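# Have a look; sequence and predicted model below, questions after that.
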Amino acid sequence: MDAQKVERLKSLEKEVQDFHPLLKVLLSRIPYIRSVEYRQGPHENGADFVLEKNDDILGSTTYIGVIVKVGKIKQDQSDIERQVDECGMERTFDGGKRKIFLNEVWIITNDAITENAQQKIHHKYKSTNIQFFDGVKIVSLLDRFYPEYWTDISVKLGEYIRRTRAFAEKITRNSALLEFQENINIEQRLVKLSTKIKPDQGRPQEQKKTTIHEAIRSEQLIFLEGFMGSGKSNLVKRAIERITKPDVLNLEKIIPIGMTFKEYLDLYGMDLEGVFQSAIDDSSTDPKAHTYLLVLDGLDEVALSTEERREILQEISQFIRNRANYKVLVTSRPLDDLKERNEIDKHFCRYQVLSLSTSQLITFISNSCDNPVAIERLTSGIERSLLFKYLPKTPISAILLARIIKEDPAELPSTMTELYSKYSELVLGRWDMSKGLQSQKEYEIIDSVCTDLGAYVIQNGLDEVSSAEAREFFSRYIKERNIKLDPGVVYERFLSKKEIINYNVNNLTISFKHRTFAEYFSAKKLVRENSAVIDEKVFDSYWCTVYFFFVGLKRDCPELIDAIVAVESKDERQKIIRVFQMSQYLLAGHLTPYKNIQNGLKKTYKLAATLLREGLDGSSPLSSLPPMQMVYIFSHGISNAYGYEYFSDAIHNAMLESLNGELTEEELIELFLLSTTSAYLGRNDAFDAMIEEYGAALPEVLRLGIKHINDDFSLKSDVANKYIKKLNKNLRARQNMRELVTQLYETPVSK
């Protein structure tokens with residue numbers, strides 16, 4: 001126990017003026033105390049406070065009378081005995097609504113209570129449940145439930161800070177549709193925006209990144225914008241938590257005022273003077289010595305016209321600019337209208353929340369998922385996933401991915417479809433439905449029309465469609481189903497989904513934020529209408545992502561996987577795409593029986609071996625490459641495509657099947673590619689069986705391939721090292737060494 005704290009508590013001399021205000025705050029913070037009534041005065045009936053205590057397990061309620069004293073309580077305490085007697089009287093509670101008897105009495109002092117005093121009181125009131133709280137116990141309770149008391153912050157300001165922090169917690173919880181969102185602990189960065197056109201200064205300057213804390217320190221009027229799930233509310237929470245830390249508060253003297261924009265309109269009637277004066281009174285702070293920061297969260301969540309928003313923000317600006325110790329921070333989703341942004345820039349400094357970096361995203365997921373193996377897979381998968389690259393890297397996508405990995409720690413490509421699915425579900429409706437900004441029916445219409453639009457864009461090779469054409473999709477859908485909703489209203493809701501949709505107000509065109517969203521919705525339509533045709537399109541680069549999502553939406557689909565494996569590739573180009581794309585289909589269908597996966601993998605490696613053999617023979621377009629370049633491209637490419645733990649057993653089984661009797665050159669190449677992928681997955685003995693069984697008969701390019709893969713992957717194998725040492729010795733002994741290097745590494749096979 002900190003002796004200084006005990007002494008500080010003892011130094012309180014005035015019971016009513018000093019100790020009672022402290023206890024009023026402390027008692028109200030004890031978790032099982034539902035309510036606290038202050039009774040000091042002529043009508044106290046012995047108790048300075050009356051507490052209502054709940055027992056959640058038993059479902060019972062206990063009423064406690066609190067007798068408060070300052071100084072040491074000794075044996076002769078007739079005044080305390082009088083108060084204990086009076087605690088047995090009936091009294092009213094809850095503003096006179098209930099009549100109660102006290103079940104328990106607490107005697108509290110800021111000093112010590114002698115053992116004799118406790119024994120005497122217990123002896124006299126044997127039938128009364130009496131608890132004693134001396135200064136040491138009160139210090140312990142203060143440490144647990146009211147730690148800011150030990151700072152230089154007044155009791156009234158401390159209570160004000162607690163309420164403000166509760167507001168910050170509330171707005172974060174309201175945005176936390178997903179598990180552990182409120183615990184995001186990433187220092188997100190901001191960038192300052194402007195619509196002003198600057199004269200050409202030559203080389204474009206990089207936008208300067210900053211933090212929410214720097215913005216608050218340097219600006220008087222801040223407009224913070226970010227897309228859904230970008231972390232605006234969490235940034236506000238972190239800012240409030242920081243500036244209300246006792247040391248920061250005493251240094252910077254910024255008093256935060258928190259409310260939603262809706263509360264500012266409905267509860268306060270846009271009375272800025274009243275809002276700030278109320279905060280000054282509630283916090284009992286000196287406006288000459290403090291700065292007051294008003295946080296207005298969620299401008300976009302209030303139904304206002306562009307003109308109404310402009311007028312309100314202008315009024316705020318005019319009021320604040322004349323008062324140097326007042327600041328305002330407004331949060332909102334980005335606004336489409338350039339004219340409106342210009343107006344905002346006249347009055348506010350506009351900041352945008354930046355996307356997370358890949359390292360920040362991995363850090364967050366690592367902190368959320370106690371699964372090192374899954375995190376390792378994720379880290380390697382992110383580097384290889386173009387689909388993940390195109391998904392917005394916001395806290396919401398990090399949370400979605402973390403939850404998916406927590407529930408099913410599969411390889412990243414196996415989770416990408418679910419990630420796109422959950423992300424689009426949130427963006428198109430679930431988020432706004434949770435805030436009462438959109439109905440379930442509107443969400444269903446927008447989701448269905450997005451599905452139709454995505455398919456339309458992909459099928460017709462479009463980058464964008466006209467606004468009128470997109471609007472017609474909504475009108476037709478609603479009319480055909482006789483839905484009693486205004487198509488114009490639903491279409492406007494659709495335009496607000498900026499995380500997925502781009503609306504070009506100059507050209508009046510609609511496009512998806514990235515092509516992958518159109519491909520995802522196109523795949524949804526294939527599933528919805530059961531209209532997928534499995535033919536050579538699955539190995540056409542234009543359609544590959546659509547069919548990847550299609551398989552991912554099915555997941556458990558042996559017939560579909562077998563059908564894709566059975567497709568005949570019509571030319572060399574499709575065969576090469578097939579080799580590297582098949583891994584994505586197999587990962588997307590990761591709930592398919594493993595025998596179907598193994599069959600698909602085995603046939604793909606056989607095709608890869610055929611392609612490489614034909615290239616080395618000079619009978620293929622690939623023959624325009626030197627032999628070792630071909631070997632390098634195929635070995636590293638196929639390892640990158642199939643180097644997932646999910647394929648480990650299939651690769652191992654395929655290697656065992658290959659190690660059987662004499663092998664043709666093509667079969668040796670297949671075994672080499674399988675062994676290379678096994679090495680990529682961390683198997684130090686990946687080439688051992690191949691070397692021991694066929695080492696002497698291997699073609700020159702495969703021997704050199706083993707040497708290079710061994711170096712690239714830093715394999716630790718005595719068998720491989722011995723084999724490579726012998727190979728190097730033989731190469732050095734050859735008289736035509738220089739010509740051999742030129743032939744294998746520099747000269748195309750076709751020459």
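Looks like it came in fine.
# The stretch 201-350 of the chain: strands as residue ranges?
209-210, 221-225, 254-260, 291-297, 326-332, 349-353 (DSSP state E, counting those that start in this stretch).
# With respect to residue 270, which of those strands lies nearest?
With distances scored as Cβ to Cβ, the stretch of the strands of the stretch 201-350 of the chain nearest to residue 270 is strand 291-297 (10.3 Å). Every C-beta, even on glycine, is put in place using the N, C-alpha and C of the backbone.
# Show the end-to-end separation of stretch 732-751, please.
Using Cα to Cα, to the nearest Å, the end-to-end distance of stretch 732-751 comes out at 25 Å.
# buried set for that stretch?
Buried residues in stretch 732-751, counted by 16 or more other Cβ atoms under 10 Å: 743, 744, 749.
# what sits against residue 471?
Counting by Cβ atoms under 8 Å, 6 or more residues apart in numbering, residue 471 touches 487, 488, 491.
# ok, now how distant is the second one from residue 120?
Right, residue 488. Remark: distance between residue 488 and residue 120 (Cβ to Cβ, to the nearest Å) = 81 Å.
# what about the two, which has more around it?
Of the pair residue 488 and residue 120, residue 120 is the one with more neighbours under other Cβ atoms under 10 Å, namely 17 against 11.
# Make sure that one is indeed in a strand.
No. Read with DSSP: H, G, I helix; E, B strand; the rest coil, residue 120 is helix and lies in no strand.
# What is the neighbour count of the nearest residue to it once chain neighbours are set aside?
Leaving aside its chain neighbours, residue 120 sits nearest to residue 75 (5.7 Å; criterion: Cβ to Cβ, 6 or more residues apart in numbering). Look at residue 75: counted by other Cβ under 10 Å, it has 12 neighbours.
# and residue 75, backbone torsions?
When quoted as degrees, to the nearest 10, the phi and psi of residue 75 stand at phi -70, psi -40.
# Now do the same for residue 205: its pLDDT.
Predicted confidence (pLDDT) for residue 205: 53.
# do the same with residue 463
pLDDT, read off for residue 463, is 90.
# so where does the nearest residue to it once chain neighbours are set aside fall, helix or strand?
Using Cβ to Cβ, 6+ apart and skipping the chain neighbours, the partner closest in space to residue 463 is residue 511 (6.0 Å). Applying DSSP states H and E as the criterion places residue 511 in strand 509-512.
# now what about that strand, what contacts it?
Here strand 509-512 has contacts from 453-454, 457, 463-467, 470, 495, 500-504, 518, 521, using Cβ under 8 Å, 6+ apart.
# repeat that for 7 Å
By Cβ atoms under 7 Å, 6 or more residues apart in numbering, the residues outside strand 509-512 that reach it are 454, 457, 463-467, 470, 500-503, 518.
# One more: stretch 315-326?
220, 221, 272, 276, 287, 290, 291, 292, 328, 347, 348.
# and with 6 Å instead?
Stretch 315-326 has contacts (Cβ atoms under 6 Å, 6 or more residues apart in numbering) with 221, 272, 291, 292, 328, 347.
# For the stretch 601-750 of the chain, just list every one of the strands.
Using DSSP E, counting those that start in this stretch, strands in the stretch 601-750 of the chain do not occur.
# re the thing from before, including distance to residue 323 and neighbour count, could the contacts of strand 509-512 go into a markdown table?
Formatted as a markdown table, the contacts of strand 509-512 follow (distance: Cβ to Cβ, whole Å; neighbours: other Cβ atoms under 10 Å):
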| residue | distance to residue 323 | neighbour count |
| --- | --- | --- |
| 454 | 50 | 25 |
| 457 | 51 | 22 |
| 463 | 49 | 10 |
| 464 | 47 | 16 |
| 465 | 49 | 19 |
| 466 | 48 | 12 |
| 467 | 43 | 17 |
| 470 | 46 | 22 |
| 500 | 41 | 23 |
| 501 | 40 | 20 |
| 502 | 40 | 14 |
| 503 | 38 | 18 |
| 518 | 50 | 24 |
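# Kindly list the longest helix within the chain.
helix 594-617 (DSSP state H).
# Report the buried residues of it.
Across helix 594-617, burial judged by 16+ other Cβ under 10 Å covers 596-602, 604-616.
# Now for residue 637, how many residues are close by?
When neighbours are counted by other Cβ under 10 Å, residue 637 comes out with 15.
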